[in-house]
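# Turn this into a model:
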Amino acid sequence: MKRILTIAGSDSCGGAGIQADLKTIAALGGYGMSAVTALTAQNTLGVAGVCPVPASFVTTQIDAVLSDIGADAVKTGMLASEEIVSAVAEAVSRHEIRLLVVDPVTVSESGCPLLDPSAVKALLEELLPLAYAVTPNLEEAAALLGRPVETEADMTEAATEIGRLGPRVVLVKGGHLEGEPVDILWDGRLHHRLRAPRIGSTNTHGTGCTLSAALATLLALHGADGGELSVETLIRVVRLAKGFVWTAIASGVPVGAGHGPTDPLAWARAREALLCELQSAMAELASEPLGGLVPEVRSNLGYALPCAPSADEVAAFPGRITSVGGRMCSVAAPAFGASRHIASVVLAAMDHFPDLRAAMNIRCGRGTIAACEEAGLRLVSFSRADEPAEVRESEGSSLEWGTHSALAGLRQAPDAIYDFGGPGKEPMIRVLGHTPADVATKIKRIGEVWRP
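Presented below is the predicted three-dimensional model:
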């Protein structure tokens, strides 16, 4: 079990600060510890008061934890004053913490200042050079750089400039952008644009705390405490942290009269609910005589967690879906990481349309394509003849390439992607949807008009 220390303020209403951090760490399977930097009196409407802890006692808390239990990762949140920033930086350096995630908290959700202006210089010069990752939002990036950060181009420049201060990884969060929420990840060399669907919720209290705690825990779980991660692993971890927060916001707790808190514990529930949705959709498909739509290589139905970064966060049916007595039949209950093939389709589709989180492959031929069109489905296609040699030679890359090729440049999400196969490749239709139920409904519509 990874040991994660949060150094942050206490939120009396339980939605942010160390309370949100400890919930997040526990939800992801870590062991959480805390060093409190300030007491706050707050609720969903705002902050009524702040009482900083003496810097020397912050150091005492950190020393007590690290000298006995140790930590695989440390994250900081609200640090309140210049003295506390300096004390934390000294303790982190003295204890040789290798994995430090800095959430540069400057103001609360309601606009209350949580960091003295005099502390910004200490944050820049003493703490950020020790950080593995830093996670500012637009306002926090502006406070660090002393200029507005308001556009995606500003975010890209800010990520680079903050990175020059010492952190190996910078994630500038764009949740407050107009339109689509886009985050910019700087990996020390390149910028990566990370998207997620916007959620129309006012229950956003604690989002920054939740993200930074999730990132610290996941970085430790994936080995960042022992050295550098590959860029691919880093992107996967950041996307997974984003998915965790997205789920927490989507399941936010509607308490109080203002901005309610996120729900970090929703992640575990979401995984179970996702599996139940898959099982329910499979039951719907099995209730109709649709077995003839199963191709020779058999079918599978996959469903991804929000912002899923890899096949391990896409659930499907082990052993695939076959046909028995003219009806579809699964040979095992759904599980995460059960299918690399259908997962590659879902993940590639989500790169273009983040809401397309489910897919199922079915038989492809002139008859099934005609049935799709008669059922009112919107189809797009790709040709394996256009597949680059390097993709063809790389195991498991064809479906990803084909999905990207079919969806590139589209403004509206299609209902299905098809291809007529190639040497050793069976023709196939992949039906896309927002949920397994959505996919099942489309396949049942195809079945109603298909003439074998």
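# make it CA atoms for all contacts and neighbour counts henceforth
Will do.
# Lowest average confidence across helices and strands of this structure, where is it?
Lowest by mean pLDDT, DSSP states H and E among the helices and strands of the chain is helix 389-392, with a mean of 76.
# Show residues contacting whichever helix or strand comes after it.
Counting by DSSP states H and E, the element after helix 389-392 in chain order, helix or strand, is helix 398-407. Residues from elsewhere that reach helix 398-407, judged by Cα atoms under 8 Å, 6 or more residues apart in numbering: 341, 344-345, 347-349, 352, 380-384, 387, 391-392, 413, 417.
# And the average pLDDT for helix 398-407 is what?
Helix 398-407 comes out with an average pLDDT of 93.
# do the same with stretch 95-106
Rounded mean pLDDT across stretch 95-106 is 96.
# Send me that stretch as CSV with only the CA atoms.
Taking C-alpha atoms only, stretch 95-106 is exported to CSV below (Å, rounded to 0.1, in the frame of the first residue of the first chain):
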residue,chain,number,x,y,z
HIS,A,95,13.4,14.2,4.1
GLU,A,96,14.5,13.8,0.4
ILE,A,97,11.0,13.5,-0.9
ARG,A,98,11.2,12.4,-4.5
LEU,A,99,7.5,12.6,-5.5
LEU,A,100,6.0,16.0,-4.6
VAL,A,101,2.8,17.2,-6.2
VAL,A,102,2.1,20.9,-5.6
ASP,A,103,-1.4,22.3,-5.9
PRO,A,104,-0.7,26.0,-5.7
VAL,A,105,-3.9,27.0,-3.9
THR,A,106,-4.4,30.8,-3.9
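# What lies in contact with it?
Outside stretch 95-106, the residues that touch it by Cα under 8 Å, 6+ apart are 66, 71-79, 113-115, 128, 130-136, 140, 143, 208-209, 212, 215-216, 220, 224-226.
# Show me how to select, in PyMOL, the buried members of the residues you listed.
Buried residues within these, by 16 or more other Cα atoms under 10 Å, are selected in PyMOL with:
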select buried, resi 66+71+72+73+74+75+76+77+78+79+114+115+128+130+131+132+133+134+135+136+140+143+208+209+212+215+216+220+224+225
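# Give me the subset of the contacts of helix 398-407 that lies in helices.
Of the contacts of helix 398-407, the ones assigned to helices by DSSP state H are 341, 344, 345, 347, 348, 349, 352, 391, 392.
# pLDDT score for the second one?
Yep, that's residue 344 we're talking about. According to the prediction, residue 344 has pLDDT 95.
# residues in contact with residue 288?
By Cα under 8 Å, 6+ apart, the contact set of residue 288 is 327, 444.
# about what we covered before: filter the contacts of helix 398-407 down to the buried ones.
The neighbour count (16+ other Cα under 10 Å) marks 341, 344-345, 347-349, 352, 380-382, 384, 413, 417 as buried among the contacts of helix 398-407.
# Show which residues not belonging to the least confident helix or strand of the chain make contact with it.
Helix 389-392 is contacted from outside by 397, 398, 401, using Cα under 8 Å, 6+ apart.
# So what's the gap between it and the chain middle?
Relative to its parent chain, helix 389-392 has a centroid offset of 29 Å by Cα atoms, centre = their mean, to the nearest Å.
# ditto for stretch 68-85
The answer for stretch 68-85 is 24 Å, by Cα atoms, centre = their mean.
# picking up where we left off before, looking at the ones in helices among the contacts of helix 398-407, point me to the pair that's furthest apart.
Among the ones in helices among the contacts of helix 398-407, the pair separated by the greatest distance (Cα to Cα) is 352 and 392, at 22.1 Å.
# Would you show me how to pick out the buried ones of the contacts of helix 389-392 in ChimeraX?
Buried subset of these, written as a ChimeraX selection, criterion 16+ other Cα under 10 Å:
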select :398,401
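# Residues contacting stretch 266-285, please?
Contacts of stretch 266-285 (Cα under 8 Å, 6+ apart): 27, 244, 247-248, 251, 301-303, 305, 315-316, 327-330, 333-335, 435-437, 440, 443-444.
# before we move on, back to that, what would the contacts of helix 389-392 look like in JSON lines with distance to residue 2?
Below are the contacts of helix 389-392 laid out as JSON lines (distance: Cα to Cα, whole Å):
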{"residue": "397", "distance to residue 2": "33"}
{"residue": "398", "distance to residue 2": "37"}
{"residue": "401", "distance to residue 2": "36"}
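# now, among the contacts of helix 389-392, which is nearest to residue 192?
Ranked by distance to residue 192 (Cα to Cα), these are led by residue 401 at 19.3 Å.
# Report the buried residues of stretch 317-333.
In stretch 317-333, the ones that count as buried by 16+ other Cα under 10 Å are 317, 318, 319, 320, 321, 322, 323, 327, 328, 329, 330.
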